[in-house]
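K.L.:
predicted model and sequence below, questions to follow.
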Amino acid sequence: MARQSNQEINAGSMADIAFLLLIFFLVTTTMDTDAGLSRQLPPMPDEEQQKDDNKIKERNLLIVLINKQDRLLVNGEELRVKQLRERAIEFIENTANQEDLPEKKYEIIKIKNPKYYPGSDLPKKVPHNLFEQRFPEGYAVSKGVISLQNDRGTSYKMYIEVQNELVAAYSEVRDRLSKRMFQKPYEALNEEDDVNAIRAAIPQRISEAEPKNIGN
Amino acid sequence: MASKFERKGKSGGTPAINTASLPDIVFMLLFFFMVSTTMRETELKIHVTVPEATELTKLEKKSLVSYIYVGEPKASYQKFYGSEPRIQLNDAFKQVNDIPDYIAAEREARDENERPFMTTSMKIDEHVKMGIVTDIKQELRKANALKINYSTRKKLQ
């Protein structure tokens, strides 16, 4: 009796069982993580709203047209996809306050729960008014809207490429501001409130227009 | 060398490889795959190669995502469905005007307080024309499913 209780459980088949489970999981699961370009669609317009849309001033609008031959027309000027990012950055920033680029609206931006002074190792508190200190009259938030319009014959690949360039332009501008304010690239910001402050200062305004045929 | 083999031979046959740690190794692999992968939820009946992009945002909550696939039917389905890009919802080919029902059903399946955070991920083949995509977007707007995500691959630079 004593001898039997000392006997070990035969674990020889353990490996087989584990292999079986492993193979099951290998077959039924996928590796791919879901990532992509996130967008917010505009709600279905009412009759009145449609009239409002026309109120955006011409200078505040960057119209990006893609035709069915996948060629780009940006505010009436033919561009290559590679040039689009630069053009969009120029439009978003409007550093020289040019007449034909978007207007700016001064807004006071607050960092909600500031913790540490970014860039320094010392756990110094960020003043609640970091943005207010640097920009006493408020930060000049661009009123610019990028309107993306496409034809039914445009290829999806091209559409995504253009979307990507536009998002990249916004990221770059945000990155520049982030480096100026927090001495860190936008991607490296750890505090959500800092990210939100940057987002408020440079809102991403890409409008996916009402579908219409724009021909050739 | 020869003497080595001899010595072993004398001590009575080649000793068995110790497999005691094999289950541990396999379990480790098993756990790795369980953690790093997700369940395959639908079987694709169409070819989808999503386009490449660099500015990706990850979809956080998988349980709140509903998928719309668009692409050319696979060879075995082309006999019935042709080779034009088609929409697949769950496991079946559908039309554009089936989307509001699909969104409603997806919404119904989620918890009420999570519904505002639902996202629609569009897995669309890069060769599809924008016409069908625009139609889908219009249907989504009608169904008030405004958060969307164009599924893309990471572009290697």
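P.N.:
All right, it came through fine.

K.L.:
okay, CA-based contacts and neighbour counts for the rest of this
P.N.:
Will do.

K.L.:
residues near residue 42, how many?
P.N.:
All of this refers to chain A. Number of residues near A:P42 (other Cα atoms under 10 Å in any protein chain shown) recorded here: 17.

K.L.:
meant chain B actually
P.N.:
By other Cα under 10 Å, the residues close to B:T42 number 12.

K.L.:
over to B:Y102?
P.N.:
Neighbour tally, B:Y102, other Cα under 10 Å: 18.

K.L.:
how about the one 4 residues further on?
P.N.:
Neighbourhood size, B:E106 [other Cα under 10 Å]: 17.

K.L.:
excluding its backbone neighbours, what's nearest A:S38?
P.N.:
B:N149 (4.2 Å; Cα to Cα, 6 or more residues apart in numbering or on different chains).

K.L.:
sort out which residues of the helix or strand that contains that neighbour are buried, please.
P.N.:
Per DSSP states H and E: B:N149 is located in strand B:147-151. For strand B:147-151, the neighbour count (16 or more other Cα atoms under 10 Å in any protein chain shown) marks B:147-151 as buried.

K.L.:
picking that back up, do I have it right that the residue nearest to A:S38 meets B:I124?
P.N.:
No. In this structure, B:N149 is not within contact of B:I124 by Cα atoms under 8 Å, at 10.7 Å.

K.L.:
next secondary structure element downstream of the longest strand seen in chain B?
P.N.:
Assignment by DSSP state E gives strand B:65-73 as the longest strand of chain B. Once the chain leaves strand B:65-73, the next helix or strand it forms, by DSSP H and E, is helix B:78-81.

K.L.:
show me the residue sitting in the middle of chain B in space.
P.N.:
Central residue of chain B (Cα atoms, centre = their mean): B:R40, 5.9 Å from the mean position.

K.L.:
show me the beta-bridge partners of the residue nearest to that residue when sequence neighbours are not counted.
P.N.:
Of all residues not flanking B:R40 in the chain, A:T29 sits nearest, at 4.9 Å (Cα to Cα, 6+ apart). Beta-bridge partners recorded for A:T29 (DSSP bridges): B:M39.

K.L.:
Provide a list of residues in contact with A:T29.
P.N.:
Residues near A:T29 by Cα atoms under 8 Å, 6 or more residues apart in numbering or on different chains: B:37-40.

K.L.:
same question for A:K157.
P.N.:
Per Cα under 8 Å, 6+ apart, neighbours of A:K157: B:51, B:126-128.

K.L.:
apply 6 Å and report the result again.
P.N.:
B:51, B:126 (Cα atoms under 6 Å, 6 or more residues apart in numbering or on different chains).

K.L.:
secondary structure element for it, which one?
P.N.:
Element membership for A:K157, per DSSP H and E: helix A:156-182.

K.L.:
report the buried residues of whichever helix or strand comes after that helix.
P.N.:
Later in the chain than helix A:156-182, the nearest helix or strand by DSSP H and E is helix A:192-201. For helix A:192-201, the neighbour count (16+ other Cα under 10 Å) marks A:193-201 as buried.
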